[in-house]
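In: Give me a 3D structure for the following:
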Amino acid sequence: MLDKIDVFTHSSIRIKSDRGIIYIDPFHMREEPHDADYVLVTHQHYDHFSVDDIRKVIKDSTVIVSPESMIDDARELEPEVKEVIGVRPGVYKEINGLELETVPAYNTLKPFHPKRAEWVGYILRLEGKRIYIAGDTGLTKEAKEVRCDIALLPVGGTYTMDVKRAAELANTIRPEYVIPTHYGSIVGKESDGRTFAGLVQSPVRVVEKMQYFE
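Out: Next comes the predicted model:
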């Protein structure tokens, strides 16, 4: 499953699976593949909900999933896709065969992502694996309770966890693999992935996937 996950820039993620092609927060896309079966949005900030970039990946059969709290904005794209679906934090949902759970994503020590906004991360159940895409979050009690095989965690600091807190989370939830995101462009340094890897303890394995630094 690991080789089916791409991280483009920042937190722009694509997963190819037997349930279709899934994008999470497409941003600064360099190509226009129009191949998305699903687009999952974690929250409303421009670097995660980019209508221009979503338009580069969607097709008329795409399903868009977004937090219920921002569903009116997501519905701007409704005429261009099959369906737009809202989700709340802490729920399980099955959408056309794709099983997902939502995890609250919020800051505990910073004001940028308040819990009341009801923004989310996602756990996807794909090919026998649980893949956690944390979204923009701090080191929250809900994140510490996640059980997954692969975790994609923000490490760049400023608006999310920094490398130390992200490593603490990885060492707490102990997935088989962890992929750092949200560094090397808008926030964080290119070296944050390596710094993070040095703080994560065995047997958790860090895999750097970031393709583009800006």
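In: Next one: the residue most central in space within the chain from residue 73, what distance?
Out: Ranked by distance to the mean C-alpha position of the chain (C-alpha atoms, centre = their mean), the top residue is residue 133 at 3.8 Å. Counting by C-beta to C-beta, to the nearest Å, the separation of residue 133 from residue 73 is 20 Å. The way it works is simple: take the backbone N, C-alpha and C, and place the C-beta from them, glycine included.
In: Stretch 145-163 spans what distance, first to last residue?
Out: 19 Å (C-alpha to C-alpha, to the nearest Å).
In: wait, I meant stretch 165-183
Out: With C-alpha to C-alpha as the measure, stretch 165-183 spans 14 Å from end to end.
In: Repeat that for stretch 150-161.
Out: 18 Å.
In: Repeat that for stretch 54-62.
Out: First-to-last residue span, stretch 54-62, C-alpha to C-alpha: 10 Å.
In: Can you list the buried residues in that stretch?
Out: Along stretch 54-62, these residues count as buried under the neighbour rule (16 or more other C-beta atoms under 10 Å): 54, 56-58, 62.
In: do the same with stretch 72-87
Out: Buried positions in stretch 72-87, judged by neighbour count with 16+ other C-beta under 10 Å: 74, 77, 81-82, 84-85, 87.
In: pLDDT averaged over that stretch - what is it?
Out: Regarding stretch 72-87, the rounded mean pLDDT is 98.
In: Stretch 166-181 too?
Out: Averaging pLDDT along stretch 166-181 yields 98.
In: Pull out the buried positions in it.
Out: For stretch 166-181, by 16+ other C-beta under 10 Å, it's 166-167, 169-170, 173, 175, 177-181.
In: okay, how far is it across it, tip to tip?
Out: 10 Å.
In: What segments of this protein are helices?
Out: Taking DSSP state H to define them, one finds helices in the chain at 51-57, 71-74, 141-144, 163-173, 192-199.
In: Would you mind measuring the gap between the ends of stretch 197-214?
Out: Start-to-end, stretch 197-214 (C-alpha to C-alpha) is 21 Å.
In: May I see the buried residues of it?
Out: Buried residues in stretch 197-214, counted by 16+ other C-beta under 10 Å: 197, 199-200, 204, 206-207, 209-210.
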